[in-house]
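Asks: could you work out the structure for the sequence below:
(one chain, ligands or ions: 1)
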Amino acid sequence: MRIYFDHNATTPVDSAAVEAVTRVLTGSFGNASSVHHFGQQAKAVIDDARTAVATLIGAEPSEIVFTSGGTEADNFALRGVAEAMEPTGRKHLIASTIEHEAILTTLKALARRGWKVTLLPVDATGVVSPDALRSAIDDSTALVSIMHANNEIGTVQPIAALARIARERGAVFHTDAVQSAGKIPIDVRTLGVDLLSISAHKFYGPKGIGALWIRRGTRVASILTGGKHERNRRAGTENVPAIAGFGAAAQVALKKLPSESRRLAALRDRLETSILENIRGTAVNGTRDPRVPNTTNISFENIEAESLLIALDLEGIAVSTGSACSSGTLEPSHVLRAMGLPTHRTQNSIRISLGAGNTDAEVDEFLRKMPAVVEKLRTVTGMRR
Ligand code: PLP
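Replies: Numbering: from 1, shown residues only. You can find the predicted model right below:
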């Protein structure tokens with residue numbers, strides 16, 4: 001049996017989303033901008049999906065702009081606000097050190113164009129403190145972008161408190177909710193944010209489709225220009241099949257969220273506790289609460305994370321060494337480094353992220369295999385103590 005414990009990298013597509021995509025691919029090929037029947041049929045598909053996605057995050061459908069995924073939504077938020085705010089003289093952007101590369105790399109690009117960028121530190125548990133934001137923000141701050149849940153350790157940030165501080169200083173607040181949407185309840189009004197990114201493939205929808213939620217009245221310039229699609233905010237003929245799949249996945253996620261989050265938290269907690277109790281030299285990275293229910297990040301003393309990942313893959317178990325983008329390299333995790341963990345712990349940690357298909361039997365199988373895999377690696381590398 002192959003076991004997939006890497007749902008923060010991506011998820012298998014839900015059957016309802018597959019059906020929705022297939023239905024559109026085979027039956028609704030029209031261009032949603034066309035006025036005739038075929039176009040209107042495609043437009044109706046998009047409207048329904050927009051409502052479903054908006055409902056998942058407590059938003060108005062008209063505030064949803066479909067994008068090609070989380071990366072584009074993050075780019076849209078950062079570059080779009082930077083451009084729109086430039087004439088106001090505000091030239092300062094704030095994010096955290098543990099953001100996804102979609103944010104960090106975009107900020108580097110903006111810094112090269114003269115924007116001042118401040119990255120807020122996190123504490124040893126991976127959390128950004130409101131006080132850190134309070135001391136970094138000033139009247140020149142255009143945008144604050146802090147992720148809702150971290151992709152590597154799953155910790156959930158105090159977004160409502162952070163957004164309140166930004167609002168008081170007249171800055172726009174964006175949150176990357178790619179790893180929280182569909183896993184924990186999200187209500188954009190309660191969070192008090194202005195912009196929020198989500199991506200379908202992290203909650204059983206297709207890849208290459210996501211959205212930026214834009215609170216009505218927020219100043220954001222378009223970064224993709226052309227036709228008047230998406231209320232003139234994102235040009236390009238809509239990817240109607242993917243949008244339909246996104247909508248279906250959002251509906252399923254909303255319906256299953258209460259029971260599935262309880263089930264996954266119980267599975268994850270059992271897995272985590274058992275590892276800590278039965279394998280010496282292990283520790284959980286990041287705060288255990290608040291955290292998305294499916295994620296744990298565990299460090300294994302005297303082990304190289306890449307070797308553990310490969311050994312587990314040979315046993316039929318898929319985990320990750322952190323973000324999918326940095327796996328395959330021996331780069332220590334920037335998230336664990338930002339938490340102040342010593343170098344060896346930034347290189348001996350794996351992320352286990354559970355999801356819909358995972359069962360008690362799979363967790364049992366994992367727990368049965370794990371001690372021997374770890375012992376063997378510690379022996380082979382001569383680092384057994
Ligand atoms: N933001 C976070 C926190 C992520 O985990 C990811 C994907 O790993 C992204 C953004 C990028 O999303 P996408 O893969 O849809 O471009």
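
Asks: who's in contact with the one residue in the chain that gets nearest to the ligand?
Replies: For the chain, the residue closest to the ligand is G70, as judged by C-beta to the nearest ligand atom, at 2.5 Å. C-beta: built from backbone N, CA, C; applies to glycine. The contact partners of G70, taken as C-beta atoms under 8 Å, 6 or more residues apart in numbering, are H100, A102, D176, V178, S197, I198, S199, K202, G210.

Asks: tell me, how many residues neighbour the nearest residue to it once chain neighbours are set aside?
Replies: Leaving out its chain neighbours, the residue that sits closest to G70 by C-beta to C-beta, 6 or more residues apart in numbering is S199, at 3.4 Å. Using other C-beta atoms under 10 Å, S199 has 29 other residues around it.

Asks: give me the beta-bridge partners of S199?
Replies: Counting by DSSP bridges, S199 forms beta bridges with G210.

Asks: strands along the stretch 201-350 of the chain, start to end?
Replies: Using DSSP state E, counting those that start in this stretch, the strands assigned to the stretch 201-350 of the chain run over residues 210-214, 282-284, 295-300, 317-318, 349-353.

Asks: quick check, nearest of the contacts of G70 to A109?
Replies: A102 (11.4 Å; C-beta to C-beta).

Asks: assign that closest one to helix, strand or coil.
Replies: helix (DSSP: H, G, I helix; E, B strand; the rest coil).

Asks: my guess is it meets R79, correct?
Replies: No: taking contacts as C-beta atoms under 8 Å, A102 lies outside contact range of R79: 11.4 Å.

Asks: mind listing what V220 touches?
Replies: Contacts of V220 by C-beta under 8 Å, 6+ apart are F76, A77, G80, V81, A84, L195, L212, I214, R233.

Asks: try G154
Replies: N8, Q179, G286, R291, V292, N294, T295, T296, N297, S353.

Asks: list the contacts of the third one.
Replies: Applying C-beta under 8 Å, 6+ apart, one finds that G286 lies in contact with T125, G126, N150, I153, G154, T155, N297, M339.

Asks: with distance to L377 and secondary structure as extra columns, can I get those residues in TSV?
Replies: Shown next, in TSV, are these (distance: C-beta to C-beta, whole Å; DSSP: H, G, I helix; E, B strand; the rest coil):
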residue	distance to L377	secondary structure
T125	27	coil
G126	26	coil
N150	26	coil
I153	22	coil
G154	24	coil
T155	27	strand
N297	18	strand
M339	24	coil
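
Asks: report the buried members of the residues you listed.
Replies: G126, N150, I153, G154, T155, N297, M339 (16 or more other C-beta atoms under 10 Å).

Asks: just flag the most distant two among those residues.
Replies: G154 and M339 (13.0 Å).

Asks: related to what we said a few turns ago, highest neighbour count among the contacts of V220?
Replies: Most surrounded of those: other C-beta under 10 Å gives A77, at 31 neighbours.

Asks: name the helices or strands packed onto the worst-scoring helix or strand of the chain on mean pLDDT?
Replies: Least confident helix or strand of the chain, by mean pLDDT, DSSP states H and E, is helix 343-346 with a mean of 91. Applying 3 or more C-beta pairs under 8 Å, 6 or more residues apart in numbering; DSSP states H and E, we find helix 343-346 packed against helix 334-338.

Asks: quick check: bridge partners of S96?
Replies: L120.

Asks: Validate this expectation: K376 resides in a helix.
Replies: Yes: assignment of K376 by three-state DSSP places it within a helix.

Asks: go ahead and confirm it touches A311.
Replies: Yes: with contacts counted by C-beta under 8 Å, K376 reaches A311, the gap being 7.3 Å.
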